[in-house]
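>>> Only the shape, not the letters, is given here:
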């Protein structure tokens with residue numbers, strides 16, 4: 001009976017060792033679970049980006065307004081007989097500009 005108990009304890013110890021320290025153990029499972037969660041988050045962000053890109057391409061295929069908007073924003077184009085005004089804010093920090101000029105003169 002003692003031999004049988006000893007064999008069962010050795011068998012239980014070997015199973016526990018494999019469970020906690022062997023290949024595909026509990027720590028490996030937890031690490032993979034965390035990795036899958038990060039990948040799912042990344043995939044969700046990519047799905048949202050793809051939806052925006054599909055909407056953008058559909059808009060460009062169907063309407064001229066989107067093309068005109070892109071031409072204005074990205075290429076700086078204006079229509080015929082249209083006046084373009086560019087408003088540049090005043091720099092309230094004049095000392096910063098003087099410091100950068102001084103630094104350039106030192107080199």
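Nice, thanks for sending it over. Please read these numbers as outputs of a predicted model, since none were measured by experiment.

>>> now the longest helix anywhere in the chain, how far from the chain's geometric center?
Ranked by residue count, the top helix of the chain under DSSP state H comes out as helix 26-62. Helix 26-62 sits 9 Å away from the centroid of its parent chain (C-alpha atoms, centre = their mean, to the nearest Å).

>>> Low-confidence regions, the protein specifically.
Within the chain, the stretches with pLDDT under 70 are 92-107.

>>> can we see that at 90?
The chain contains residues with pLDDT under 90 at 1, 11, 13-28, 55-107.

>>> From the centre of it, point out the most distant residue.
Centroid-distance maximum for the chain: residue 1 at 62.1 Å, with C-alpha atoms, centre = their mean.

>>> And that one, how close does it get to residue 7?
11 Å (C-beta to C-beta, to the nearest Å). Just so you know, the C-beta spots here come from the backbone N, C-alpha and C atoms, and that holds for glycine as well.

>>> What of residue 49?
Between residue 49 and residue 7 the computed distance is 59 Å (C-beta to C-beta).

>>> Please report phi then psi for residue 85.
phi -110, psi 130 (degrees, to the nearest 10).

>>> Within its local environment, how many residues does it see?
Residues lying near residue 85 (other C-beta atoms under 10 Å) number 4.

>>> Please apply the same query to residue 55.
10.

>>> what's the answer for residue 69, then?
13.

>>> Okay, and it sits in which element?
If you go by DSSP states H and E, residue 69 is part of helix 64-75.

>>> And the contacts of that helix?
Residues outside helix 64-75 that contact it (C-beta atoms under 8 Å, 6 or more residues apart in numbering) are 56, 59-60, 77-78.

>>> Over to residue 80. Which of the three states is it?
coil (DSSP: H, G, I helix; E, B strand; the rest coil).

>>> right, I mislabeled it, should have said residue 89
Residue 89 is classified as coil under three-state DSSP.

>>> Since that was my last question, I'll sign off now.
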